[in-house]
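Visitor: Could you look at this predicted model? Sequence included:
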Amino acid sequence: MTASAFTIENLSVSLGARAVLTGVSASIRAGEVTAIVGPNGAGKTTFLRALASLLTWSGEIRLGSSDWRAMGNAQRARCAAYLEQRGTIAWPLPVRDVAALGRLPYEASPAGRDGRGAGAVERALELCGLAPLAERPATELSGGERARVLLARALASDAAFLLLDEPVASLDPAWRLRVMDLLRSEAARGRGIVAVLHDLSLALRYADRILVFDDGKLAADAAPAQVLAGGALEAAFGIRLETVQTVGGLVVGVSLPPR
Amino acid sequence: MSAAAGQSKGKHPFALISALGAGLAALALASLLIGPAWLSPAEIFHGLTAPQTTAAIIVREIRLPRLLLSMGVGATLGLCGAAMQGLLRNPLAEPAIFGAPQAAALGAAAVLYSGFADAFSFALPLAAMLGAGLSIALVASVAGRDAHLVTLILAGLAIGTLAGSATSLVINLSPNPFAVTEIVFWLMGSFEDRSLRHVWMTAPFLIVSAAILLSAGRGYRALTLGEDVAATLGADVGRLRLLTIVGVAMGVGASVAVSGAIGFVGLVAAHLVRPAAGGDPQRVLIPAALAGAVLLTAADIGVRLIPAATEIRVGVLTAAMGVPLFLWLVVTRRAYFTGGS
């Protein structure tokens, strides 16, 4: 997949009579980590689901010069892998087989059977620290381990774009960092990473760009430093932020009200 | 059914499929041997090749049709159970729990009662398929996208009960006591007194049903991660739902039309082979079909061996085997009811 960017113009989504997303225009580039942040209910997941074509949307989305809507399910599946928030695994499949589900979009084409698939699965398992667990039934793992299995499934695909809804939410602090490093290196390999994040420090430290959603609208779309300086985060969340400069970068904390 | 790239090699179902195939072959032979008149393998061989002996008549007119139907219906029910489990991502799914055989029986009983069955020989299977199709479509649409087990079971219970009482109404209104006895015995499920004509009438539907359900296998595998992720993996979930409903309705409907209501084979068959198939909802399909054929052929031999004044109906035996297993699964998988995984 060589498509270089998603171009989103005037994207709107309504659920029933309620407008969940209105007039969002942005572009999401390959080779970058794009963080999606914003308060609960701001439309982050809806934005990601619209990109994954899981709901009816109005406006325009193009991948490169192709109309995203006009592409079929199967073709879209080869271009973008989607990681659900709190994903489920229905059957006690071995971890390796769950990761191999990421290869399903390529099985139908001859190119998918050239043996590269197995390598991609093993690589994804290795990256997510799952090689020792590869034969274990995925349903018997802990919540954090299961989340890594599902991430490995997305990584095992050849998709140019990864649409990840809270990929680190159920991980411990060490794994959060490992996964964010992993996403950075995937971006360096040319992939476009779109990740919904609640940890603002991680978003500021690892993202190339941050899209701030507030009440169904795109409140900011800029590099981390500009987003922080512009006050969009504080306005969207209705909180005051304090930053501490550390060796690795800025750590952002919420300013607590006095007792 | 090629294995996916990078899938575990350890639990490939070839060994399982071979074992089940061997078991089925042994049972098939036993099924031809066993009955009120016990035959030797030599007599069976002569019966299949040379015409006009008593053994030939017993084998070709009585036991062979019975064997072919029990294998075909068993395989179909096993496959339908595994397919519904794949679609609904739930090991408790089984056509009988969703009222499909009851609804098929209603369609068939209505045709028997109205006399259409005599006028048009395909009326019975078609009515049974229509009944099964309506019940499964109704359950699937009532349950909605998330297919929560409680919703499914309640919807299935309602539809099964409705179909059951409508069948009672048909029996109730039947003016002829012989017709009543006929419908009632037929509802219990049996392969007694079936001829090769029944086999030819049923086989095309069973084959098409199997082809449809096997073609959906990759979709069931994608559904392991839920409907949304399956869609982003390129699966057409709506089409998958429709294929499953049509395939199961055709298989269960044709089976009920020829053998009466036989339940729980799908549940038991898929449950028995699932661990050996590595839990994969696609790789479980063929082993489940074979296990269904083994179970039903064994059950049909069983009813011939149980001493009773009149032959025990095979549907009674499968329910006696299947219901305890279902209850055991419910008890051991309580988490499904409380919303856990």
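Guide: Looks like it came in fine.
Visitor: Tell me which residues touch residue 183, please.
Guide: Looking at chain A here, since you left the chain open. Going by CB atoms under 8 Å, 6 or more residues apart in numbering or on different chains, residue A:183 touches A:33, A:162, A:164, A:167, A:193, A:195, A:206. C-beta coordinates here come from the backbone N, C-alpha and C atoms, glycine included.
Visitor: look at chain B instead
Guide: B:109, B:112, B:113, B:167, B:170, B:171, B:174.
Visitor: ok, and of the contacts of residue A:183, which contact chain B?
Guide: By CB under 8 Å from any CB of the partner chain, no member of the contacts of residue A:183 lies near chain B.
Visitor: Which of those sits closest to residue B:42?
Guide: Nearest to residue B:42 among the contacts of residue A:183: residue A:162, at 66.9 Å, using CB to CB.
Visitor: sec struct for the closest one, please.
Guide: strand (DSSP: H, G, I helix; E, B strand; the rest coil).
Visitor: That one - how many residues pack around it?
Guide: When neighbours are defined as other CB atoms under 10 Å in any protein chain shown, residue A:162 has 23 of them.
Visitor: same deal with residue A:256?
Guide: When neighbours are counted by other CB under 10 Å, residue A:256 registers 9.
Visitor: Which strand or helix spans it?
Guide: Using DSSP states H and E, residue A:256 sits in no helix or strand.
Visitor: residue ranges for the helices of the stretch 151-300 of chain B, please.
Guide: B:177-188, B:196-215, B:217-223, B:227-232, B:237-259, B:265-273, B:285-305 (DSSP state H, counting those that start in this stretch).
Visitor: How about the longest one and chain A, touching?
Guide: Just to be clear, that refers to helix B:237-259. No - judged by CB under 8 Å from any CB, helix B:237-259 and chain A are separated, with a smallest distance of 9.1 Å.
Visitor: got the angle for that helix vs helix B:177-188?
Guide: 130 degrees (axes from the mean of the first three to the mean of the last three CA atoms, to 10 degrees).
Visitor: tell me how far helix B:237-259 is from the chain's mean position?
Guide: 10 Å (CA atoms, centre = their mean, to the nearest Å).
Visitor: could you say what helices and strands that helix packs with?
Guide: helix B:64-88, helix B:100-114, helix B:123-143, helix B:196-215, helix B:217-223, helix B:227-232 (3 or more CB pairs under 8 Å, 6 or more residues apart in numbering or on different chains; DSSP states H and E).
Visitor: Among those helices, which comes closest to residue A:219?
Guide: Once those are compared by CB to CB, helix B:227-232 is nearest, at 26.4 Å.
Visitor: Of all the residues in stretch B:41-56, which ones are buried?
Guide: B:43, B:44, B:46, B:47, B:55, B:56 (16 or more other CB atoms under 10 Å in any protein chain shown).
Visitor: Now intersect the residues you listed with the helices, please.
Guide: Per DSSP state H, helices hold the following members of the buried residues of stretch B:41-56: B:43, B:44, B:46, B:47, B:55, B:56.
Visitor: phi, psi of the nearest residue in space to residue B:92 that is not next to it in sequence?
Guide: Closest residue to residue B:92 apart from its sequence neighbours, by CB to CB, 6 or more residues apart in numbering or on different chains: residue B:329 at 5.9 Å. Torsion angles at residue B:329 (phi, psi; degrees, to the nearest 10) stand at phi -60, psi -40.
Visitor: Would you state the strands of chain A in chain order?
Guide: A:5-15, A:18-29, A:33-37, A:58-63, A:66-67, A:80-83, A:161-165, A:192-196, A:209-214, A:217-222, A:241-245, A:250-254 (DSSP state E).
Visitor: TSV please, covering those and showing mean pLDDT and distance to residue B:248.
Guide: As requested, those are exported to TSV (pLDDT from 0 to 100; distance: least, CB to CB, whole Å):
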stretch	mean pLDDT	distance to residue B:248
strand A:5-15	94	32
strand A:18-29	93	36
strand A:33-37	97	41
strand A:58-63	94	37
strand A:66-67	92	37
strand A:80-83	96	29
strand A:161-165	97	33
strand A:192-196	97	38
strand A:209-214	96	43
strand A:217-222	94	46
strand A:241-245	87	56
strand A:250-254	84	54
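Visitor: Among the ones you listed, single out whichever gets nearest to residue A:184.
Guide: strand A:33-37 (6.1 Å).
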